[in-house]
Each structure stands twice: as C-alpha cells, then as structure tokens.
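>>> The following block contains a protein sequence and its predicted model.
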Amino acid sequence: MALEDIFTEVAVNETLETNKPAVVLCDRGLFDGSAYVSPELWSQIMDEQGWAGLSFIEKRYDAIVHMVTAAEGAEEFYNFSNESRYENVEQARSRDLALR
C-alpha cells in the first residue's frame, strides 16, 4: 500500500509540474492478498484497516484489469522460469478463480 501511495504521489507531482496526465499501473494490487488467506482472515484484515467491503477498492483504483493466468487455457506457457512462482497449474487456477 505504501509503495502504491508513493508512486501515486510521484505521478500527481509530475502532472502538476508538467501539466501532462500520468498513469500508475500496479502489477498485483492490494486485493490480491485475499487469494492467499482464508476469507475469515481477509475479513479480519479488512475490518482492522477500516476497509468496509469493497469500498476501499472503489476509492483507491480508477480501473482494475484482471489478466487470467496462463494456467487457465495456455498451460504450455505456464512454467517455472519465473523464480518466484511456486504454484502448480491447479493451484494457479484456484488462486485465479478466487481473485475473479
């Protein structure tokens, strides 16, 4: 969240200085965390942060684009060349469905 806020502030300042619009793209936004914890824990986190329902998303982001995992329909391209990837194809599909 802090990193997103910093980049948003930089974009706003740049826009003010140059009078040119700016776009901030976040790969893996805040809501992605919901796919990695239980619904109960996510609800607890949301409550502790004061984020009611999905309203924080509506206030925070102007648009959200969900790109479906390659593990769903393009399995031949889902591999472990990305060293941070640890989910097998079925796990990736499950996480992707949870995020949708």
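Perfect, thanks for sending it.
>>> shaky segments in this structure?
The chain contains residues with pLDDT under 70 at 53-54.
>>> who's in contact with the helix ranked longest in it?
As assigned by DSSP state H, the longest helix anywhere in the chain is helix 2-18. For helix 2-18, contacts defined as C-beta atoms under 8 Å, 6 or more residues apart in numbering pick out 20-24, 26, 29-30, 60. To be clear about C-beta, it is placed using only N, CA and C from the backbone, and glycine gets the same treatment.
>>> And the next helix or strand past it?
helix 39-49 (DSSP states H and E).
>>> Show which residues not belonging to that next one make contact with it.
Contacts to helix 39-49, defined as C-beta under 8 Å, 6+ apart, come from residues 33-34, 37, 52-53, 56.
>>> I'd like the distance between residue 38 and residue 56.
Look at residue 38 and residue 56: by C-beta to C-beta, to the nearest Å, they are 19 Å apart.
>>> what about those two, which has more around it?
Ranked by neighbour count (other C-beta atoms under 10 Å), residue 38 and residue 56 place residue 56 first, with 16 against 9.
>>> Check which helix or strand that one maps to.
Using DSSP H and E, residue 56 maps to helix 55-60.
>>> Nearest residue to the middle of the chain?
In the chain, the residue lying closest to the centroid (C-alpha atoms, centre = their mean) is residue 29, at 2.2 Å.
>>> That residue and residue 66 touch, don't they?
No. Using C-beta atoms under 8 Å, residue 29 makes no contact with residue 66, being 9.9 Å away.
>>> Which other helices and strands does the helix holding residue 56 contact?
If you count contacts as 3 or more C-beta pairs under 8 Å, 6 or more residues apart in numbering; DSSP states H and E, helix 55-60 packs onto no helix or strand.
>>> what's the spacing between that helix and its chain's center?
The chain centroid and the centroid of helix 55-60 are separated by 13 Å under C-alpha atoms, centre = their mean, to the nearest Å.
>>> Beyond it, next helix or strand please.
Counting by DSSP H and E, the next helix or strand C-terminal to helix 55-60 is helix 89-99.
>>> between that following helix and helix 39-49, how many degrees?
Using axes from the mean of the first three to the mean of the last three C-alpha atoms, to 10 degrees, the direction of helix 89-99 lies 40 degrees away from that of helix 39-49.
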